[in-house]
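Asks: 3D, please:
(2 chains)
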2 protein chains.
Amino acid sequence: MRTPVELAKAYRLLNHGPVTLVSSAHGERRNLMAAAWSMPLDFSPPKVAVVIDKSTFTRELVEASGAFVLNIPSRAIAAQVIAAGGCSGREGDKFDALGIGALAADVLAAPLVAGCVGWLECRVIPEPHNQQAYDLFLGEVVAASADARVFSNGRWHFDEADPALRTLHYVAGGQFYVSGESLNV
Amino acid sequence: MRTPVELAKAYRLLNHGPVTLVSSAHGERRNLMAAAWSMPLDFSPPKVAVVIDKSTFTRELVEASGAFVLNIPSRAIAAQVIAAGGCSGREGDKFDALGIGALAADVLAAPLVAGCVGWLECRVIPEPHNQQAYDLFLGEVVAASADARVFSNGRWHFDEADPALRTLHYVAGGQFYVSGESLNV
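Replies: As a prediction, this is how the structure comes out:
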């Protein structure tokens, strides 16, 4: 069901503000972490911004590999998104610990997270000051894909798809708001 | 109905990824623009990031004043959010043109946008390289407030409030997703 998204439309995967899972890999290690603080930064070439704390194992892998994936989880894996914030990949493979599958990415060595409905493969745009001072990483999107059951022709189609495929908007303390009804003005 | 939000909880106004209106003022001029590309950047002191294109009048006002407000519109003013993207404040006062009210801010000279349900008053953290290279502005939140009918005790309460007070998540081409049901994991 994973199908390519043209790069010019990649920002639309992220434009409505869903929570993300950041996946990364370096050498034999891989990891994922939850990140609500991400946004599109440019249309063409598509760029994104995401906050990755210095304390995280993901930070090590992203800095070592120069790459990350923003995975957009569906409601079906909300419990794993929360659990991902409760353990560290330093202590063992977090995909295995959480029972989350990994898919091969199109361009990067980093894995894609199964059960997600959108994937943005990103190469870090090196900005050492932002990374040090703000934990802020900028990335250029080099490949994008989505679950065709819920994203096609450059648009989400939550209203017509299985409710389990809706995206999540994180608040705090284990609470999300699920993407709701479509409103056209 | 506008009540203060403690600064440590200010990020929660923005954490779920709603579209924003950026308001600004300098001298006798004021303006607002729609911005989907914003996110929290830090908890304490609270910081935010937002993309403000070089072509916009808002950009001039923000650079001249060193401040901006991120206003979080409700569903009730979705049409004005779209209309705000269809005209420029250079041609005349956009609040008047759109029939949108302005409220006095708590700290800044910039106006707050009426009909919104959350307000983050921000001072620009000067980062000229980010501003020039990426149109990326970082701000420190110096005051925050929310409509108590829908945000209290550091939480949104969309499920119990008037549906017209739900926040908006922008896709493209005049389409939003409204914040949906609450999901606790």
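
Asks: Average pLDDT for stretch A:46-55, rounded please.
Replies: Average pLDDT, stretch A:46-55: 98.

Asks: what mean pLDDT would you report for the lengthiest strand in chain A?
Replies: When chain A is parsed with DSSP state E, its longest strand is strand A:136-147. Mean pLDDT, strand A:136-147: 98.

Asks: any idea how far A:Val69 is from chain B?
Replies: Using C-beta to the nearest C-beta, to the nearest Å, we find A:Val69 at a distance of 18 Å from chain B. Every residue, glycine included, has its C-beta placed from N, CA and C.

Asks: Touching, that residue and A:Arg123? I think so.
Replies: No: A:Val69 lies out of contact with A:Arg123 (C-beta atoms under 8 Å); the separation is 10.6 Å.

Asks: Which neighbours do the two have in common?
Replies: Counting by C-beta atoms under 8 Å, 6 or more residues apart in numbering or on different chains, the contacts common to A:Val69 and A:Arg123 are A:Leu108.

Asks: Just the mean pLDDT for stretch A:63-83, thanks.
Replies: Mean pLDDT, computed over stretch A:63-83, is 97.

Asks: ok, now stretch A:105-116?
Replies: Mean pLDDT, computed over stretch A:105-116, is 98.

Asks: tilt between the longest strand of chain A and strand B:136-147?
Replies: Per axes from the mean of the first three to the mean of the last three C-alpha atoms, to 10 degrees, the angle that strand A:136-147 makes with strand B:136-147 is 80 degrees.

Asks: can you give me the strands in chain A?
Replies: Going by DSSP E, chain A shows strands at A:2-4, A:20-26, A:29-35, A:38-42, A:47-51, A:67-73, A:102-103, A:112-113, A:116-125, A:136-147, A:151-152, A:155-156, A:168-172, A:175-184.

Asks: now the residue of chain A found nearest chain B, nearest residue through space, not along the chain?
Replies: As assessed by C-beta to the nearest C-beta, chain B sits closest to A:Gly17 within chain A, at 1.5 Å. Excluding the flanking residues, the one nearest A:Gly17 by C-beta to C-beta, 6 or more residues apart in numbering or on different chains is B:Gly17, at 1.5 Å.

Asks: how deep is A:Asp93 tucked in, by neighbour count?
Replies: 14 (other C-beta atoms under 10 Å in any protein chain shown).

Asks: returning to that earlier point: distance of the residue nearest to A:Gly17 relative to B:Pro111?
Replies: Note on B:Gly17: its distance to B:Pro111, by C-beta to C-beta, to the nearest Å, is 24 Å.

Asks: The two: which is more packed in?
Replies: B:Gly17 (32 against 21).

Asks: quick one: contacts for the closest residue in space to A:Pro45 that isn't next to it in sequence?
Replies: Closest residue to A:Pro45 apart from its sequence neighbours, by C-beta to C-beta, 6+ apart: A:Glu140 at 5.5 Å. By C-beta under 8 Å, 6+ apart, the residues touching A:Glu140 are A:45-47, A:122-123, A:125.

Asks: dump the residue contacts of the spatially closest residue to A:Pro40 that is not a sequence neighbour.
Replies: Sequence neighbours aside, A:Tyr11 is the residue nearest to A:Pro40 in space, at 4.0 Å (criterion: C-beta to C-beta, 6+ apart). Each residue near A:Tyr11 by C-beta under 8 Å, 6+ apart is listed here: A:40, A:42-43, A:46.
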